[in-house]
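Student: No letters, just coordinates:
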């Protein structure tokens, strides 16, 4: 019997999230993403199946070159239109009891004071089931939507994220001491002023006086997710993340990412087990392998090559997406160079085309087979150090319902999936404690502001 894996439903409040073209299927309910009942019903289905969390992706702008036309994104429904997942979590929080609820929010799109307040409010509403996927942005259009001329330099974005989370940590962990809220009716004192503090943050990008307006929520700081495989991203995760979402072509590659990030975490005074790793996978399930392969061929009939290429944003020097039949030898791009090199090495019997990149993306991280075969493969991922799976759907709700009905029972028989929820907050379910452990940099702000209120002196961030 193995250790249970964690399972998140990886979704987005839009029509076409990851598997482009599948929305055209007659059983695709994701076209009704504007209807809150679509998400409430899915959340309740996932909770009945004992999924750990719903993990909502998000973007703040269009993919591709900002100066090119964006017809393909609109025609494909490719993350446009899309709605704000942070708002949606409020409805899901009051419609469920146990499942975790994770939102993605870019450091560009919301001031940290306001964002910290929104998250604390959601954590109160959900009784401690909120997680935050910290992202720095990928789209020039998204940067322009918030007044920047273009996406800032990669390293600079992570420096920005460092200050952003620092402000949030000060508000969540340091602004209110334990026991500050008293609700003393006879004494006429709702909270103790000596235990509520301004944070007086002053940094390169933000000046935030405080105090945090919400009182401490059940988790104080939400469970911290991060998705980034670059050197800067792994360094940021090693310092800040409690859970990391990775996309890896094989368990061996996943192991390399996991071991490197955990090594860096240990060097920063944390423990390797302070971070859980989730790999994104999609599933084609059949009673027999032959049936699963037949279903895979059916799914592939709906694949939108144009959608995958647009999502990858392989553009020429004029900002136009390359046509699918373009030979890779004619492609000159600053994006997805690793993909182009990979395909060129693996297709040697003919001239590889741009559309081969799309098929690679469509079939990457896909497991096809019987529930037993899928369980075997998931054991391989766990053996590589993976703690959980972000289940990527083809259609909503059918992909999740099928996984719940067909695969999870087999995984439970092998001890690879939980049968019941443990009590408490999302962090307690994942790590056994409601609050961040003392090894996390945010913990340094607990009690840090009690002595500086009168002096209004900034408190320095912990050393990276």
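Tutor: All right, it came through fine. These figures come from a predicted structure and were not determined experimentally.

Student: A strand includes residue 56, no?
Tutor: Yes - remark: residue 56 belongs to a strand, assigned using DSSP: H, G, I helix; E, B strand; the rest coil.

Student: Now do the same contact list for it.
Tutor: 11-13, 85, 88-89, 101-104, 133 (Cβ atoms under 8 Å, 6 or more residues apart in numbering). For every residue, glycine as well, the C-beta is placed using N, CA and C.

Student: From residue 100, how far off is it?
Tutor: According to Cβ to Cβ, to the nearest Å, residue 56 and residue 100 sit 11 Å apart.

Student: same deal with residue 294?
Tutor: 35 Å.

Student: sorry, back to before: by neighbours, which of the contacts of residue 56 wins?
Tutor: Ranked by the number of neighbours (other Cβ atoms under 10 Å), the contacts of residue 56 place residue 102 first, at 29 neighbours.

Student: where's that residue, which helix or strand?
Tutor: Following DSSP states H and E, the helix or strand that holds residue 102 is strand 100-106.

Student: cool, residue 233 as well?
Tutor: Here residue 233 is assigned to helix 231-240, by DSSP H and E.

Student: Identify each buried residue in that helix, please.
Tutor: For helix 231-240, the neighbour count (16 or more other Cβ atoms under 10 Å) marks 232-240 as buried.

Student: what's near enough to touch the closest residue to residue 271 other than its chain neighbours?
Tutor: Leaving out its chain neighbours, the residue that sits closest to residue 271 by Cβ to Cβ, 6 or more residues apart in numbering is residue 439, at 6.5 Å. By Cβ under 8 Å, 6+ apart, the residues touching residue 439 are 269-271, 274.

Student: do residue 13 as well
Tutor: Going by Cβ under 8 Å, 6+ apart, residue 13 touches 33, 39, 56, 58, 82-85, 88.

Student: Show me the strands in this protein, by range?
Tutor: Applying DSSP state E to the chain gives strands spanning 6-12, 53-57, 100-106, 130-135, 181-184, 189-191, 201-202, 207-208, 223-226, 243-246, 276-285, 366-369, 388-392.

Student: Nearest to residue 324, out of these?
Tutor: Distance to residue 324, taken as Cβ to Cβ, is lowest for strand 366-369 among these, at 19.9 Å.

Student: Give the buried residues for that closest one.
Tutor: Buried, per 16+ other Cβ under 10 Å, within strand 366-369: 367-369.

Student: which one of those residues sits closest to residue 24?
Tutor: residue 368 (20.8 Å).

Student: thinking again about what came up before, PyMOL command to pick out the buried ones of the contacts of residue 439?
Tutor: Buried members of the contacts of residue 439, defined by 16+ other Cβ under 10 Å, are picked up in PyMOL with:
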select buried, resi 270+274
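
Student: Nearest to residue 420 among the contacts of residue 439?
Tutor: residue 274 (25.0 Å).

Student: Please tell me how far that closest one sits from residue 58.
Tutor: Using Cβ to Cβ, we find residue 274 at a distance of 25 Å from residue 58.

Student: go on, residue 414?
Tutor: Taking Cβ to Cβ as the measure, residue 414 falls 34 Å from residue 58.

Student: Could you check which of these two is surrounded by more residues?
Tutor: residue 58 (20 against 15).

Student: what stretches of the stretch 201-350 of the chain score poorly on pLDDT?
Tutor: Along the stretch 201-350 of the chain, segments meeting pLDDT under 70 span 314-321, 333-346.

Student: Mind doing that once more with 50?
Tutor: Within the stretch 201-350 of the chain, the ranges that satisfy pLDDT under 50 run 334-338.

Student: the helices in it, which residues?
Tutor: In the stretch 201-350 of the chain, the helices defined using DSSP state H, counting those that start in this stretch lie at 231-240, 251-267, 289-300, 305-312, 337-346.

Student: Dump those helices to JSON lines, plus distance to residue 449.
Tutor: Formatted as JSON lines, the helices of the stretch 201-350 of the chain follow (distance: least, Cβ to Cβ, whole Å):
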{"stretch": "helix 231-240", "distance to residue 449": "20"}
{"stretch": "helix 251-267", "distance to residue 449": "26"}
{"stretch": "helix 289-300", "distance to residue 449": "54"}
{"stretch": "helix 305-312", "distance to residue 449": "44"}
{"stretch": "helix 337-346", "distance to residue 449": "45"}
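
Student: Burial check on residue 290, number of neighbours?
Tutor: The burial count for residue 290: 10, using other Cβ under 10 Å.

Student: With residue 418 instead?
Tutor: 18.

Student: what's in contact with the strand holding residue 102?
Tutor: 8, 43, 52-60, 85-86, 89, 92-93, 115, 122, 126, 129-137, 142, 223, 225, 426, 429-430.

Student: 6 Å instead?
Tutor: With contact meaning Cβ atoms under 6 Å, 6 or more residues apart in numbering, strand 100-106 is reached by 52-58, 60, 85-86, 89, 92, 129-131, 133, 135, 137, 225, 426.

Student: any idea how far the residue nearest to residue 227 when sequence neighbours are not counted lies from residue 105?
Tutor: In space, and not counting its chain neighbours, residue 227 is closest to residue 245: 4.1 Å by Cβ to Cβ, 6+ apart. Using Cβ to Cβ, one gets 14 Å for the distance from residue 245 to residue 105.
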